[in-house]
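>>> Provide a 3D model corresponding to the input given below.
(2 chains)
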Amino acid sequence: MGERATAYRVLIGSRLRSQTAYRRSFAMDLVAGVGVTAISFAEIAVIYSNVDLLGGLSFAGTVTVFALAHVCFTVADMMVGHLGNLPAYVRTGSLEVFLLRPLSVLGQLATSDISLRRLGRTGSGLILLAWALAAYGVHWSPAKVVLLVLAVGSGTAIFAALFVCGAAVQFWLIEGGEFAAAFTYGGHYAANYPASIYTLPLRLFFTFAVPSAFVAYLPALVLLDLPGPSGLPAVLGWCGPLMAVVSWLVASMLWRAGIRHYAGAGS
Amino acid sequence: MSFPRGRALPAQSVRVFGALFVVGFRRWSRYRLAALAGAFANTVFGLVRSAVILAAITAHGGALGGYDELTGVTYVWIGQALLGPIYFNTWTELSDRIRSGDVAVDLVRPFDLQAQLLASDLGRAAYQFLPRGLPPLVVGALVTGLALPTVPAPYLFGLLSAILAVAVSFAARWLVNLVAFWLLDLRGPMALYSVALNVLGGLVVPVHWFPSWLARLAACTPFPAMLQQPVDVLMGRVSGWAAVLTLAGQAAWFAGLMVAGQLVFRLGVRKLVVQGG
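Okay, here's the model as predicted:
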């Protein structure tokens, strides 16, 4: 166990050093990250320049949902987003190298490309979140602080599990990467908005099949003292950690099945 | 490096261009599952996007920026159908060749590289038009309904506008890829380009909903010519002489970006050093 921890520490350390070695490129990536957040946020700003309420939420309310989802997604994306490159590893046969080493394949793939430059997006998401919570005038209580911390943790875990599921199905669908994108990026997109705007079937799908609503909208209901729409009582806002555990159970089962199914690229 | 070009005669050029177009079409037609997966993803996004657009239109009292509920979702579904052919993913075909030095081989060929890649990209778009375009439209028609024009003119103009959109998109992707001559890591510029395209192109919300300063900003970029304009023409929102004018504007963006692409490419080639022997 101790040896393994050392191995991962060395692996991650080497990635971080290599990325910060080119200072200008790194700084530019950070700035680009802030730009990406600003432009995605523009979508919501444009809608609210035309309307006052969307799905029962004010501008600050929807920005809370958007920013919470953004923070969770960018952290998950930084840690495991590059698992989407799995088909390239499978096609070129470089996955065998990972299989030969005495560390878990998932752990090695995750640490192979942790990119700090994505922190620009996370940072700007945090600033937006702080602004939105202050602008909304949240009545803080110790329980809500706990909920916010739990929400960020479980939301990140849910998105990470979606990425792992998406990567796992690539073992069967080598060229079907966009199937997975429908659930990972689609799940993120759906999490940006109050789930109350979706028709009931779509709302239930993005709550219980792809647990997007648990990432941001449901915790936000509790933070902002709002009742949920039909099918989604606000108390579900506390169930994020439970959903994160369930997602990870599914993800690890799928991943293991995928690895067992993998038979090499040949030659 | 020297930059050999103009060795092919006009008639030969047309033949080569046609052959590369066919090759592009056939290359992409091999990946049926990928096309299906793309159509599936576009459809899922279409469901979410139409919910967002509908919520905004309903909150505004049933009409917003010239869209009612049915034309609003139609705008979403036509956009989702055109995404694949116009190409909204990250395109690194050229930058990969610049970084690996393979571009040196391209420079020796007696046919302009920009024209080569344009031909095969148009071939790709021609293949993707139906397999990636039809499924979102069918699902859209079933789930939310579509408001499609009942006269032929919008379809004819719309097809031309969509082809021009692919061409403008290619010319813009070519320019972004050329950054590889000067930078090692393109992920930052690529991410910025892609998000700018999504917002200013009118994918996430129609350009007609923009506050006036943002609309003016968008009008100074080629992005609306890549999505908002073909959708407007296809829906019949822009028709008659206005449609012809839109097509002319798209053609002008295409020409301008291609010329800029040629100039920047030559600048890049001048500083290119390829290792090996």
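>>> Name the helix or strand for residue 264, please.
I went with chain A, as the question did not name one. Using DSSP states H and E, A:Gly264 sits in no helix or strand.
>>> wrong chain, I was asking about chain B
With DSSP H and E as the test, B:Val264 turns up in helix B:241-271.
>>> and that helix, what does it pack onto?
Contacts defined by 3 or more Cβ pairs under 8 Å, 6 or more residues apart in numbering or on different chains; DSSP states H and E place helix B:241-271 against helix B:113-143, helix B:153-178, helix B:223-226, helix B:228-235. Using the backbone N, CA and C atoms, a C-beta is placed for each residue, glycine as well.
>>> which residues touch B:Val264?
B:175, B:178 (Cβ atoms under 8 Å, 6 or more residues apart in numbering or on different chains).
>>> For the longest helix along chain A, what is the distance to the chain centroid?
Determined from DSSP state H, the single longest helix within chain A is helix A:142-169. How far helix A:142-169 lies from its chain's middle: 7 Å, per Cα atoms, centre = their mean, to the nearest Å.
>>> Show residues contacting the following helix or strand past that helix.
Once helix A:142-169 ends, the next helix or strand along the chain (criterion: DSSP H and E) is helix A:177-191. Identification of contacts with helix A:177-191 by Cβ under 8 Å, 6+ apart yields A:65, A:69, A:72-73, A:84, A:87, A:155, A:159, A:162-163, A:165-167, A:169-170, A:173, A:198, A:206, A:210-213, A:215-217, B:34, B:37-38, B:40-41, B:43-45, B:48-49.
>>> one more time with 6 Å
A:69, A:73, A:87, A:162-163, A:166, A:169, A:206, A:210, A:212, A:215-216, B:37-38, B:40-41, B:44-45, B:48 (Cβ atoms under 6 Å, 6 or more residues apart in numbering or on different chains).
>>> Then stretch A:50-61?
The contact list for stretch A:50-61 (Cβ under 6 Å, 6+ apart) reads A:48, A:62, A:132, A:135-136, A:194, A:196-197, A:224, B:55-56, B:59-60, B:64, B:209.
>>> Counting neighbours, which bits of that stretch end up buried?
Within stretch A:50-61, the residues scored as buried using 16 or more other Cβ atoms under 10 Å in any protein chain shown are A:50-51, A:54-61.
>>> can I get the CA coordinates of it in CSV?
The C-alpha trace of stretch A:50-61 is given here as CSV (Å, rounded to 0.1, in the frame of the first residue of the first chain):
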residue,chain,number,x,y,z
ASN,A,50,-34.5,38.5,-22.1
VAL,A,51,-36.3,36.8,-19.1
ASP,A,52,-36.4,37.2,-15.3
LEU,A,53,-37.1,33.7,-14.2
LEU,A,54,-36.2,30.3,-15.8
GLY,A,55,-37.7,27.2,-14.4
GLY,A,56,-38.7,29.2,-11.3
LEU,A,57,-35.1,30.4,-10.6
SER,A,58,-33.8,33.9,-10.7
PHE,A,59,-30.5,34.8,-12.4
ALA,A,60,-28.5,34.4,-9.2
GLY,A,61,-30.3,31.0,-8.6
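>>> where does the stretch 1-150 of chain A have low pLDDT?
Applying pLDDT under 70 to the stretch 1-150 of chain A flags the ranges A:1.
>>> hmm, try it at 80
Applying pLDDT under 80 to the stretch 1-150 of chain A picks out residues A:1-2, A:18-29, A:32, A:39, A:91, A:113-118.
>>> Point out the residues in it that sit beside chain B.
A:25, A:28-29, A:32, A:35-36, A:39, A:42-43, A:46-47, A:49-51, A:53-55 (Cβ under 6 Å from any Cβ of the partner chain).
>>> In helices, which of these appear?
In this view, the residues of the stretch 1-150 of chain A next to chain B that belong to helices under DSSP H are A:25, A:28-29, A:32, A:35-36, A:39, A:42-43, A:46-47.
>>> Of the residues you listed, which pair is most distant in space?
Greatest spatial distance in these: A:Ser25 and A:Ile47, 34.5 Å, computed using Cβ to Cβ.
>>> Who has more neighbours out of those two?
Per other Cβ atoms under 10 Å in any protein chain shown, whichever of A:Ser25 and A:Ile47 has more neighbours is A:Ile47, with 23 against 17.
>>> which among the contacts of stretch A:50-61 gets closest to A:Val10?
Nearest to A:Val10 among those, with distances taken as Cβ to Cβ, is A:Ala132, at 39.2 Å.
>>> Just give the number of residues close to the closest one.
Counted by other Cβ under 10 Å, the residues lying close to A:Ala132 total 24.
>>> List the contacts of it.
By Cβ under 6 Å, 6+ apart, A:Ala132 lies in contact with A:60, A:63-64, A:67.
>>> Now do the contacts for B:Pro154.
Counting by Cβ under 6 Å, 6+ apart, B:Pro154 makes contact with B:234, B:236.
>>> on that earlier part again, show me which of the contacts of A:Ala132 are buried.
Listed as buried from the contacts of A:Ala132 are A:60, A:63-64, A:67; burial here means 16+ other Cβ under 10 Å.
>>> Just those residues: which are in helices?
Secondary structure defined by DSSP H assigns A:60, A:63-64, A:67 of those to helices.
>>> residue in the stretch 1-150 of chain A nearest to chain B?
Closest contact between the stretch 1-150 of chain A and chain B, by Cβ to the nearest Cβ, is at A:Ala32 (3.6 Å).
>>> Verify the stated contact: that residue with B:Leu192.
Yes. A:Ala32 is within contact range of B:Leu192, at 5.1 Å (criterion: Cβ atoms under 6 Å).
>>> Name the residue in those two with the higher neighbour count.
A:Ala32 (21 against 18).
>>> for the most centrally placed residue in chain A, what are its contacts?
Most central in chain A under Cα atoms, centre = their mean is A:Phe73, positioned 2.8 Å from the mean C-alpha point. Contact analysis of A:Phe73 by Cβ under 6 Å, 6+ apart lists A:159, A:188.
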